[in-house]
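Asks: Any chance you could fold what I've pasted below:
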Amino acid sequence: MHPDWIVPDWPAPANVHAAMTTRAGGVSLAPFDSFNPASHVDDDLAAVAENRRLLRQSLPAEPLWLNQVHGCAVTNEVANEAASGPPAADASVAFQPNEVRAVLTADCLPVLFCDEAGVVVAAAHAGWRGLAAGVLEETVRAMRVPPDRIMAWLGAAIGPHAFEVGPEVREIFVAQHALAGIAFRPALPGTLDGAPRKWLADIYALARIRLASVGVGRVYGGGLCTFADSRRFYSYRRDGRTGRMASLIWRE
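Replies: Next comes the predicted model:
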């Protein structure tokens, strides 16, 4: 793997392998410089293909790329069987060896999963809409193992000092889980009635709350901010037109 990629620091079984790419080590030109594996962001497709070829050298098989739609659908398709193109889903699971699961992000939260026996792995794309729709809960259910045997790793996402949202976003999460209120703090002065006009959201805390609600207590990672670290990470909120990082997981 590229030395600048991020390898999860979690107690996964030895047969489970995972990584999150950074923007270093590829061939894409600005503003996608340089390791952009996403084909939907207006980068030169020849550069994307070369970045994916370089990525493939570190993997046992071609990843199952998804058409991510900010929902909660989970797929278990095999990459070479997805003949009609990438499945419209925001998470995927694998029960067989060397099936590489992948999600693409540039501020949204990538979450990688495995069970303690190293039998099943999964990857989920969790922006605030996907989190609210239940993509993490659906991924846990799709793994078909007891939640207390699952561990999760939170990759780089927009941090709590940069993720500004409207009051309607906070209301959605608090209505679903009362504890979610601790993941928000006011970002701007209030209106005449004292209500904040904007909130800063902690997407890592929201993910931990959602996972804990379905029995997944072993959650690692979090704390790497895509918005703040322009050297390593793409950020849609920071740059607008930009590339994506890939978060990948598979088992032997």
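Asks: Quick one: the strands in the stretch 101-250 of the chain, in order.
Replies: Per DSSP state E, counting those that start in this stretch, the stretch 101-250 of the chain has strands spanning 101-105, 109-115, 121-126, 150-154, 164-165, 184-186, 199-201, 218-221, 245-251. These are given in chain order.
Asks: contacting residues around the third one?
Replies: Contact with strand 121-126 is made by 16, 18, 66, 68, 70, 74, 90-94, 101-105, 108-114, 130, 135-136, 139, 142-143, 203, 207, 247-251, as judged by C-beta atoms under 8 Å, 6 or more residues apart in numbering. The C-beta positions use only the backbone N, C-alpha and C, and glycine is treated the same way.
Asks: partners of that strand in the sheet?
Replies: Next to strand 121-126 in the sheet, as set by DSSP bridges, lie strand 91-94 (antiparallel), strand 109-115 (antiparallel).
Asks: CSV for those, including mean neighbour count?
Replies: Below are the strands paired with strand 121-126 laid out as CSV (neighbours: other C-beta atoms under 10 Å):
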stretch, mean neighbour count
strand 91-94, 27
strand 109-115, 27
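Asks: Residue 53 belongs to a helix?
Replies: Yes: under DSSP: H, G, I helix; E, B strand; the rest coil, residue 53 falls within a helix.
Asks: How many residues are close by it?
Replies: Look at residue 53: counted by other C-beta atoms under 10 Å, it has 11 neighbours.
Asks: before we move on, the earlier item: reformat the strands paired with strand 121-126 as CSV; add mean pLDDT and distance to residue 43.
Replies: Shown next, in CSV, are these (pLDDT from 0 to 100; distance: least, C-beta to C-beta, whole Å):
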stretch, mean pLDDT, distance to residue 43
strand 91-94, 98, 23
strand 109-115, 98, 19
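Asks: Including distance to residue 163, could those go into a markdown table?
Replies: Formatted as a markdown table, the strands paired with strand 121-126 follow (distance: least, C-beta to C-beta, whole Å):
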| stretch | distance to residue 163 |
| --- | --- |
| strand 91-94 | 21 |
| strand 109-115 | 10 |
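Asks: Go through those and name the closest to residue 37.
Replies: Residue 37 lies closest to strand 109-115 among those, at 12.9 Å (C-beta to C-beta).
Asks: Just checking the distance from the closest one to the centre of its chain.
Replies: Put simply, strand 109-115 sits 8 Å off its chain's centre (C-alpha atoms, centre = their mean, to the nearest Å).
Asks: before we move on, what about stretch 56-72?
Replies: The chain centroid and the centroid of stretch 56-72 are separated by 11 Å under C-alpha atoms, centre = their mean.
Asks: So for it, what gets flagged as buried?
Replies: Within stretch 56-72, the residues scored as buried using 16 or more other C-beta atoms under 10 Å are 59, 62, 63, 64, 65, 66, 68, 70, 71, 72.
Asks: now, which of those residues sits nearest residue 215?
Replies: residue 72 (17.6 Å).
Asks: right, and the closest one touches residue 132 too?
Replies: No: with contact taken as C-beta atoms under 8 Å, residue 72 and residue 132 are classed as non-touching, separated by 9.1 Å.
Asks: residues near residue 175, how many?
Replies: 10.
Asks: Give me the distance between it and residue 168.
Replies: For residue 175, the distance to residue 168 (C-beta to C-beta, to the nearest Å) stands at 11 Å.
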